[in-house]
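Q: Sequence and predicted structure are below.
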Amino acid sequence: MENQPVVKSTRFWLWISILIFAASNSVVAKIGELGAHHPIHGNNPISFCNLLFAGNLLAGITLFIIYRKDWRLSILKQYPFKDWFYMFVLVLMSGVLAPAFFFIALMITEVTNVVLISTLDAPLGLLLAYVMFREAPTKFSIVGALVVTVGVIAIFALNQPPMERPMSMKMLDVGNPEVNQFLQTLPKAGEILTAIATLLGVIAVQVSRKLLDRIPIGVFSVFRMLAGVILFTIIVLSVFGPNHFNDLLSPFLWVWMLVYGAIIIVFGQITWFKGLQGGASSADISISTAITPVAGIFFAFLILQEIPNFAQIVGGIIIMAGIGISLLGQYREQKALNVRYETPCSFKGV
């Protein structure tokens, strides 16, 4: 009974972080919509480039203030060059490319689609864990992952884009009219970008599993944010030139970035790691993350008034069934483990 308050606290922080992350997609889309109604020189000041730069910069500075003790030179010298190289690769995948693809996807498809298709991280995670670390998944996990994949395929197959997309292209500006036109005309461009971003994120998670055994989360999280800003800026300036950030100093942009960067990103990460550090079990993590699609759809309705269409309802039901199968397998596995290690209360012959 002594651990009961700790368990409740752990679950509390996990649930808070999941709700924050579930709302983040809708918050990003809403902020972009607000920027479209407050243009500067005819441009949306909250373009995806400005959003990624300003949001990650504020998040990185905030995380540095929190974890500044981990950034003493004497400590940083202990990490070999290969660890810094691996972190750089992870930054490129999960700190630059994946967020950029997610942000663009949010501008050209419904948030509900992004939420549901990003559940591909479950089957992709199992596959990569086996390929990279030879971690054999359980039968329930395999079946659940396959069902989730079927649900995502159903969304691709059944979803028919409306004749007029209400928010499409309001925030999208990749600095190249031809690319903008290509994304507008490419069938299911938002869904495809979401799938690619999810794949990059899963690869980064699997690689970081071993890396975080050697690198403190304070070092990794700050490096991911700030190095991501630097790398992203170099890429944008090289491809589009300095004029691409003309609206970066807009007060309207930075006010909303305080909401997104300092509250959504930072507080979400802090509550997540606080839950993990509290000794969260795999069952606690699975159950809390399993609610993400439902919470994401709820926030899309609450913030953006998005009502799920037929494809999203069918795909969402299939996806939730797959998640339920995986959770059932984990519950049975945990129950069997508890029985196996249960201490007997009495002994024969005593």
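A: Right, received. Where do you want to start?

Q: From now on I want contacts and neighbour counts done on CA atoms only, so please keep to that.
A: Will do.

Q: Secondary structure element for A321, which one?
A: helix 310-340 (DSSP states H and E).

Q: and that helix, what other elements does it pack with?
A: For helix 310-340, the packing partners by 3 or more Cα pairs under 8 Å, 6 or more residues apart in numbering; DSSP states H and E come out as helix 111-117, helix 139-158, helix 282-290.

Q: any idea which of those helices scores lowest on pLDDT?
A: Within those, confidence is poorest for helix 282-290, with a mean of 62 (mean pLDDT).

Q: Now do the helix or strand just after that helix against helix 310-340, angle only.
A: Later in the chain than helix 282-290, the nearest helix or strand by DSSP H and E is helix 292-304. Taking axes from the mean of the first three to the mean of the last three Cα atoms, to 10 degrees, helix 292-304 and helix 310-340 form an angle of 140 degrees between their directions.

Q: average pLDDT across helix 292-304?
A: 87.

Q: Can I get that helix in PDB? Just the C-alpha atoms.
A: Extracted in PDB, the C-alpha atoms of helix 292-304 (Å, rounded to 0.1, in the frame of the first residue of the first chain):
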ATOM      1  CA  THR A 292      -4.400   9.400 -27.700                       C
ATOM      2  CA  PRO A 293      -6.500   8.800 -30.900                       C
ATOM      3  CA  VAL A 294      -9.800   9.300 -29.000                       C
ATOM      4  CA  ALA A 295      -8.500  12.300 -27.200                       C
ATOM      5  CA  GLY A 296      -7.100  13.700 -30.500                       C
ATOM      6  CA  ILE A 297     -10.400  13.400 -32.200                       C
ATOM      7  CA  PHE A 298     -12.200  15.000 -29.300                       C
ATOM      8  CA  PHE A 299      -9.900  18.000 -29.300                       C
ATOM      9  CA  ALA A 300     -10.200  18.300 -33.100                       C
ATOM     10  CA  PHE A 301     -14.000  18.600 -32.500                       C
ATOM     11  CA  LEU A 302     -13.700  20.900 -29.500                       C
ATOM     12  CA  ILE A 303     -11.100  23.300 -31.000                       C
ATOM     13  CA  LEU A 304     -11.700  23.100 -34.800                       C
END
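
Q: Use 39 as the first number for this chain going forward.
A: In the new numbering, first residue 39, that becomes helix 330-342.

Q: List the buried residues of the lengthiest helix in the chain.
A: Identified as the longest helix of the chain according to DSSP state H is helix 42-74. Buried positions in helix 42-74, judged by neighbour count with 16 or more other Cα atoms under 10 Å: 45, 47-74.

Q: Quick one: list the elements packing against whichever helix or strand comes after it.
A: Proceeding N to C from helix 42-74, the next assigned helix or strand is helix 86-104, under DSSP H and E. Counting contacts by 3+ Cα pairs under 8 Å, 6+ apart, helix 86-104 is packed against helix 136-146, helix 255-278, helix 289-295.

Q: of all those, which lies closest to I230?
A: For the helices and strands packed on helix 86-104, the distance to I230 is smallest for helix 136-146, at 8.2 Å, taking Cα to Cα.

Q: And the contacts of stretch 59-67?
A: Contacts with stretch 59-67, where a contact means Cα atoms under 8 Å, 6 or more residues apart in numbering, come from 141, 144-145, 149, 153, 298, 302, 306, 330-331, 333-334, 337-338, 341-342.

Q: Mark which of these are buried, thanks.
A: The buried subset of the contacts of stretch 59-67 - by 16+ other Cα under 10 Å - is 141, 144-145, 149, 153, 298, 302, 306, 330-331, 333-334, 337-338, 342.

Q: hmm, back to that, among the contacts of stretch 59-67, which two are most distant?
A: Every pair of the contacts of stretch 59-67 checked by Cα to Cα; the farthest is M145 and G306, at 22.4 Å.

Q: Pull the number of nearby residues for L114.
A: 13 (other Cα atoms under 10 Å).
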